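> Need a 3D model of the following:
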Amino acid sequence: MKRLQTIREVVDLLGGSCKVARITGRHSQAISNWLARDYIPASAFDDIDKAVRRKRHTADRALFGFDARRRRADAA
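Presented below is the predicted three-dimensional model:
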């Protein structure tokens, strides 16, 4: 299982901006904004995480604004 470190890796794995827009229920322009801002809103985490895991990968939670302290708390 590969851990994806960039938003571009996530979008490419899932088939591009239009497919990610369909997966998350957003417009493709929103996905372009994510790429430009280098940030995916936490509200998209569940949809993206599920789609990425179906492809046997994981996405770094930092891409969604979750910090290291929260990751440690989630693991406990």
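
> Helices of this protein, residue ranges please.
Ranges of helices within the chain are 7-13, 17-24, 28-37, 45-54, 68-75, based on DSSP state H.

> mind listing what's buried in the fourth one?
Of the residues in helix 45-54, those buried under the neighbour-count criterion (16 or more other CB atoms under 10 Å) are 45, 48, 51-52. Where C-beta positions appear, they are placed from N, C-alpha and C, glycine not excepted.

> Can you tell me which of those is nearest residue 32?
The closest of those to residue 32 turns out to be residue 48 (CB to CB; 15.4 Å).

> Contacts only, for that closest one.
10, 14, 20, 23-24, 40, 59, 64 (CB atoms under 8 Å, 6 or more residues apart in numbering).

> quick one: residue 29 from residue 35, how far?
For residue 29, the distance to residue 35 equals 11 Å [CB to CB, to the nearest Å].

> Who has more neighbours out of those two?
residue 35 (16 against 10; other CB atoms under 10 Å).

> gap between the closest residue to the more buried one other than its chain neighbours and residue 55?
Closest residue to residue 35 apart from its sequence neighbours, by CB to CB, 6 or more residues apart in numbering: residue 7 at 5.6 Å. Using CB to CB, one obtains 15 Å as the distance from residue 7 to residue 55.
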